[in-house]
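Asks: Provide a 3D model corresponding to the input given below.
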Amino acid sequence: MKLENQSDFYLLYKPDSWTSQDLCTFFKKKYNFKKVGHSGTLDPSAEGLMLIATNKYTKLFDYIDNTHKTYEFEALFGFESETNDTDSELVEIESINLESKLEELDKGISGLTGNIKQVPPIYSAIKVKGKRLYKYARQEKEVELPIRDVEVNNFKLISYEGNKAKFIATVSKGTYIRSLIVDLAKSIGTKAVVSSINRIEIGTLNKNNANVIKNIEQLERSITPEPLDWRILFDIPTISVEDSVLKDIKNGNFLKSSLFGTDVPHIIENKNSIVAIYEPYNENKFKPQKVLI
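Replies: Numbers count the residues shown, from 1 in each chain. Reported below is the predicted structural model:
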């Protein structure tokens, strides 16, 4: 099968100044894929790992359970900006030395660790009433920002100097590092903006993975990119089927429960490719939840 027709997962390193969509569009055009999608948007000014799927595998992101992401990020305290980072004009609020704020910082970090409520930045891709928040911002229209439940783990201060500090945190899907820093600054009575973000882990994938595709701009079409083994991404039982079963799957037919090991959704694969996800229907049958052939 030609590469452009294959469905696979890839681990790419997004450069800063690229949008997440820029990365997908570049990868799609480079290898003529029919469709390319990503799991978890990175801010344009951020860099780091992005999980990419091609063609039919773009339908499977919702089945990947471990989507917690780890970031290293730097912040500038005593400043604010419209976008909560350095991509827009900085306004100095006060001169601050973090040396005198370490105890308060520690308490602030503790208060923002675990299950917390978070308000996303107005400059974000979250939809409210069918419209992206950043579109409201650009049109200078007022909109009520949604309060979301997120999870923050292993939030730590790595280093500091003057009004600059570097942190690391592992967060759940939908968590905004810019909002985390704004809330941390508020806890010590000041303002702050994010000056850099680097996503270093996605679930069990990290920047040292042998299959990370770096230097995206230097990719050559003549060199086939190395996909991830899809099995490392899913915590769902998998069964293999012979070619004779594919017709029933393609037609969306029920399959006998005896094919499946347990009474939970299963990935069905054939020749190392995911062809469907089936779920229990009754004691005797499983029904298709997602068909990829």
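
Asks: low-confidence stretches in the stretch 51-200 of the chain?
Replies: Regions of the stretch 51-200 of the chain meeting the criterion pLDDT under 70 are absent.

Asks: domains of this protein?
Replies: As recorded under automatic domain parsing, the domains making up the chain are 3-67+205-232, 69-202, 238-291.

Asks: could the ones you listed go into JSON lines alongside mean neighbour count?
Replies: The way it works is simple: take the backbone N, C-alpha and C, and place the C-beta from them, glycine included. Compiled in JSON lines, those are given as follows (neighbours: other CB atoms under 10 Å):
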{"stretch": "domain 3-67+205-232", "mean neighbour count": "17"}
{"stretch": "domain 69-202", "mean neighbour count": "17"}
{"stretch": "domain 238-291", "mean neighbour count": "15"}
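
Asks: OK, contacts around the closest residue to residue 242 other than its chain neighbours?
Replies: Distance criterion CB to CB, 6 or more residues apart in numbering; nearest residue to residue 242, sequence neighbours excluded, is residue 270 at 7.6 Å. Contact analysis of residue 270 by CB atoms under 8 Å, 6 or more residues apart in numbering lists 240-243, 245-246.

Asks: so for the chain, the centremost residue is which one?
Replies: Nearest to the mean C-alpha position of the chain, by CA atoms, centre = their mean, lies residue 40 at 2.3 Å.

Asks: which among the contacts of residue 270 gets closest to residue 199?
Replies: residue 240 (33.5 Å; CB to CB).

Asks: quick check: phi and psi on that closest one?
Replies: Taking degrees, to the nearest 10, you get phi -100, psi 140 for the backbone angles of residue 240.

Asks: residues contacting it?
Replies: Residue 240 sits next to 268-270 when contact means CB under 8 Å, 6+ apart.

Asks: on that earlier part again, what's the residue nearest to the centre of the chain in contact with, if anything?
Replies: Shown in contact with residue 40 (CB under 8 Å, 6+ apart): 50-51, 67, 69, 173, 199, 202.

Asks: leaving out sequence neighbours, find the closest residue to residue 176.
Replies: residue 120 is the one closest to residue 176 (CB to CB, 6+ apart), at 5.2 Å.

Asks: the strand ranked longest in the chain pairs with which strands?
Replies: In terms of residue count, the longest strand belonging to the chain (DSSP state E) is strand 148-161. The strands that strand 148-161 pairs with in its sheet are strand 114-118 (antiparallel), strand 164-171 (antiparallel) (by DSSP bridges).

Asks: helices of the protein, residue ranges please.
Replies: Taking DSSP state H as the test, the helices found in the chain are 20-31, 102-111, 133-138, 177-187, 243-250.

Asks: look up how far residue 263 lies from the residue nearest to the centre of the chain.
Replies: Distance of residue 40 to residue 263, given as CB to CB, to the nearest Å: 31 Å.
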